[in-house]
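K.L.:
Take this sequence and fold it.
(one chain, ligands or ions: 1)
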Amino acid sequence: MGNNKYKILIVEDEANIRSFIKANLETSDYQVLCAETCELGMMMYASHHPDLILLDLGLPDRDGMSLIQEVRETDTVPIIVLSARSNERDKVEALDLGANDYITKPFSMPLVVKHIEAVLRRAEQGAGVETNI
Ligand code: CA
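P.N.:
Below is the predicted model:
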């Protein structure tokens, strides 16, 4: 629906994927921040307070799982994992750590946008008045 105010942090080490997602989200009027490592991701998160984090798991410095863990110690900001790891164990672990959603690569960008919208909508209803899924 365009015209939105949300700031999204992409933590992804592959430049092609990163710029592809960034370009698509900007087309949908999201503000986009990027980081290519967990370390940078945590710094960007701390200084920019994004509304949502789109997180790869296979990152050069640390596993993305550790970022979920670290963020969840203090914050409920929505986290969507975007990973090539398609096994159940990883999905369960990510969700257990507090990820809100898990999308497997290769992904379809329109679907990613829909997942982002849904997660943001749920986050806004956070106080839990009503859910209409
Ligand atoms: Ca990766």
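K.L.:
For Gly98, which residues are in contact?
P.N.:
Listed by CB atoms under 8 Å, 6 or more residues apart in numbering, the contact set of Gly98 reads 68-69, 71-72, 79. Where C-beta positions appear, they are placed from N, C-alpha and C, glycine not excepted.
K.L.:
From the residues you listed, list the buried ones, please.
P.N.:
Among the contacts of Gly98, the ones that count as buried by 16 or more other CB atoms under 10 Å are 68, 71, 79.
K.L.:
Just the ones of those residues in helices?
P.N.:
Mapping these onto helices (DSSP state H) picks out 68, 71.
K.L.:
one step back: among the contacts of Gly98, which pair sits farthest apart?
P.N.:
The span of the contacts of Gly98, defined through CB to CB, is set by Gln69 and Ile79 at 10.5 Å.
K.L.:
ok, now how distant is Ile21 from Val92?
P.N.:
From Ile21 across to Val92, the span is 24 Å (CB to CB, to the nearest Å).
K.L.:
Of the two, which one has the most company?
P.N.:
Ile21 (23 against 11; other CB atoms under 10 Å).
K.L.:
isn't that one right up against Val112?
P.N.:
Yes: applying CB atoms under 8 Å, one finds Ile21 in contact with Val112, separated by 7.1 Å.
K.L.:
shared neighbours, those two?
P.N.:
Residues touching both Ile21 and Val112 (CB under 8 Å, 6+ apart) are 54, 82.
K.L.:
For this protein, which segments are assigned as helices?
P.N.:
15-27, 38-48, 64-72, 88-97, 109-124.
K.L.:
So which of those helices is the most surrounded?
P.N.:
Among these, ranked by average contacts under mean count of other CB atoms under 10 Å, first place goes to helix 64-72 (a mean of 19).
K.L.:
how distant is that one from the center of its chain?
P.N.:
Mean-position distance between helix 64-72 and its chain equals 11 Å (CA atoms, centre = their mean, to the nearest Å).
K.L.:
do the same with stretch 93-102
P.N.:
Stretch 93-102 sits 11 Å away from the centroid of its parent chain (CA atoms, centre = their mean).
K.L.:
can you tell me the residue of the chain closest to the ion?
P.N.:
Gly58 (3.7 Å; CB to the ion).
K.L.:
Might you report the residue contacts of that residue?
P.N.:
Here Gly58 is in contact with 13, 64, 83-85 (CB under 8 Å, 6+ apart).
K.L.:
Many thanks, we can stop here.
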